[in-house]
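>>> Compute the structure for the input listed below.
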Amino acid sequence: MKLNQPVFYIALSLFLCPFIIRAQGIDIPVTSKTKLNFSGMLQSQFNYSLDDDVDVKGVHHAEKGQFAHNSFSVKRARLQLNATISDRINAVILVNFGDFTGNPENKVLENAFIKYSVNDYVNFQFGQFRPQFGQEDNYPVDFVQSIDYSNQYYLFGGNSWQSFQIGASFSGQIRDIAVPIQYAIGIFNGNNRNTVDNDDGKIIPARLVFGLSRQTHLGLSAGAGKNMGQKIWAYGVDVDYKKQLNEKWGVQLISEYKQGINSQQFFKQTEPLIPISRYAMRGIYVLPNVSYSFKNTRLKDLEFAFRYEYLDADFKQSGNARQSYIPMISASFAEAYAIRVQLGLQMDRFQENIPNTTEYNTNRVICQVQARF
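Predicted structure coming up:
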């Protein structure tokens, strides 16, 4: 009997439940060499559209009708299993049960990889995971200092440069030099996660991160490949600055620019008459963040962030540039964002408003509650 994907993952979760209850966040020794660790994360949201003709998903409605202006949702309900097999080998499986609230096809399973670490300089990874191709690949979403990853991340992810991909990579770092370097290069199918490869084309992304100082890091990303016989490429640069001013105040600035071929847009055309090189995307964002720490209180940290982003998915042709402004305040009630409440206002402005689509000016209030365990 063949199980479809939702049934399979529900069965998997039921199988794992007894182990999770026993684990309670504690490492479980399985054999003399293997050790299992379970962890999880839950993100729940309340969205409220401030526009009468725009629904909670950001879709414009020219005609009057019934649609939701506000809604509760479970954005992510993640469960991760990390198996330490030896001092050099570990395997990771990460699933997101929050994907069942929408269309779970080609979703739910996020990480599924084996990592072999020789030392700091030599590390190999095989399976499904996020390629190193930008600043946002360096940390999980529960540490994002805005409501979510940038629009740029999802656009480049849809074009196989970021988000979860299937392939292999080599990475490492050199610390004991004047300018420490982190490096990574990989080869991936280029078809996005949980998808059977449909051609022999592959993508090869690479990334270098230079530690210019203890506070400042410079990242360079570039990649090339083929998709259904078409040559594709992308590149980017990012700067991360972080400094603890004193015991209470800290500041951080993240900025990133990327440009590449939008193959998704090219293959949407039934009979493309324009070369794929004319389907180009680019984006930039800056995210300053100011934090204030408390001592001996239940409230651990208070942060204020403001993300500005410019993104054009087709700037060489008839692109419709999108600008986003997202001021946000967040409160942490445990260390490392284990319990976190965020309140933000997302304001999207398009070069041209297109009725009855998501390419329309919107204003949404978003409240997000997060728990990590």
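
>>> doesn't A305 fall inside a helix?
No - using DSSP: H, G, I helix; E, B strand; the rest coil, the assignment for A305 is strand, not a helix.

>>> Bridged to the spatially closest residue to it that is not a sequence neighbour, which residues?
The shortest distance from A305 to any non-neighbouring residue, by CB to CB, 6 or more residues apart in numbering, is to N289 (4.3 Å). Every C-beta, even on glycine, is put in place using the N, C-alpha and C of the backbone. Taking DSSP bridges as the rule, N289 bridges to Q252, A305.

>>> please renumber so the chain begins at 9
Right, with 9 as the first residue, what we last looked at is N297.

>>> ok, now which ones touch N297?
153, 259-262, 311-313 (CB atoms under 8 Å, 6 or more residues apart in numbering).

>>> try 7 Å this time
Applying CB atoms under 7 Å, 6 or more residues apart in numbering, we find N297 in contact with 153, 260, 311, 313.

>>> Mind putting those residues into JSON lines with neighbour count?
Output for the contacts of N297, formatted as JSON lines (neighbours: other CB atoms under 10 Å):
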{"residue": "Q153", "neighbour count": "19"}
{"residue": "Q260", "neighbour count": "18"}
{"residue": "E311", "neighbour count": "20"}
{"residue": "A313", "neighbour count": "22"}
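
>>> Tell me which residues of the helix or strand containing I292 come out buried.
Assigned by DSSP states H and E, I292 belongs to strand 288-301. The neighbour-count check on strand 288-301 (16 or more other CB atoms under 10 Å) flags 288-293, 295-297, 299, 301 as buried.

>>> Alpha carbons only: can I get that strand in PDB?
What follows is strand 288-301, C-alpha atoms only, in PDB (Å, rounded to 0.1, in the frame of the first residue of the first chain):
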ATOM      1  CA  ALA A 288      16.600  38.800 -14.000                       C
ATOM      2  CA  MET A 289      15.800  39.400 -10.400                       C
ATOM      3  CA  ARG A 290      17.500  41.600  -7.800                       C
ATOM      4  CA  GLY A 291      17.000  42.800  -4.300                       C
ATOM      5  CA  ILE A 292      18.400  44.600  -1.300                       C
ATOM      6  CA  TYR A 293      17.500  44.900   2.300                       C
ATOM      7  CA  VAL A 294      18.800  46.400   5.500                       C
ATOM      8  CA  LEU A 295      17.900  45.400   9.000                       C
ATOM      9  CA  PRO A 296      19.100  47.400  12.000                       C
ATOM     10  CA  ASN A 297      18.300  46.100  15.500                       C
ATOM     11  CA  VAL A 298      18.700  47.600  18.900                       C
ATOM     12  CA  SER A 299      18.400  45.400  22.000                       C
ATOM     13  CA  TYR A 300      18.100  46.100  25.700                       C
ATOM     14  CA  SER A 301      18.800  43.400  28.300                       C
END
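
>>> Give me the distance from that strand to the chain's centre.
Remark: strand 288-301 is offset 14 Å from the chain centroid, using CA atoms, centre = their mean, to the nearest Å.

>>> Mean confidence (pLDDT) on that strand, please.
For strand 288-301, mean pLDDT rounds to 97.

>>> ditto for stretch 345-359
96.

>>> same deal with stretch 164-178?
95.

>>> same question, stretch 110-119
On average, stretch 110-119 scores 86.

>>> Which strands and helices lie in contact with the strand or helix carrying A192?
Using DSSP H and E, A192 sits within strand 189-196. Under the contact definition 3 or more CB pairs under 7 Å, 6 or more residues apart in numbering; DSSP states H and E, strand 189-196 sits against strand 173-182, strand 211-219.

>>> Need the winner for burial among those.
Ranked by mean neighbour count, these are led by strand 211-219 with a mean of 20 (mean count of other CB atoms under 10 Å).

>>> That one pairs with which strands, and in what direction?
In the sheet, strand 211-219 lines up with strand 189-196 (antiparallel), strand 224-235 (antiparallel) (DSSP bridges).

>>> residue ranges of the strands in the stretch 9-158 of the chain, please?
All strands of the stretch 9-158 of the chain, identified by DSSP state E, counting those that start in this stretch, fall at 36-37, 43-57, 78-92, 97-104, 117-125, 131-137.

>>> comparing those, which gets the lowest mean pLDDT score?
Mean pLDDT values for the strands of the stretch 9-158 of the chain show the minimum at strand 36-37, a mean of 54.

>>> For the residue lying closest to F218 once chain neighbours are set aside, give me the pLDDT.
Nearest residue to F218 in three dimensions, chain neighbours excluded: L226, at 4.7 Å (CB to CB, 6+ apart). What the model reports as pLDDT for L226 is 97.

>>> Looks like D207 contacts Q238 (just checking).
No - between D207 and Q238 there is no contact under CB atoms under 7 Å: 9.9 Å.

>>> of all the helices and strands packed on strand 189-196, which lies closest to D63?
Nearest to D63 among these is strand 173-182; the distance by CB to CB comes to 31.4 Å.

>>> Give me the sheet partners of that closest one and which way each runs.
strand 131-137 (antiparallel), strand 189-196 (antiparallel).

>>> Which residues outside it are in contact with it?
128-134, 136, 139-140, 188-197, 200-201.
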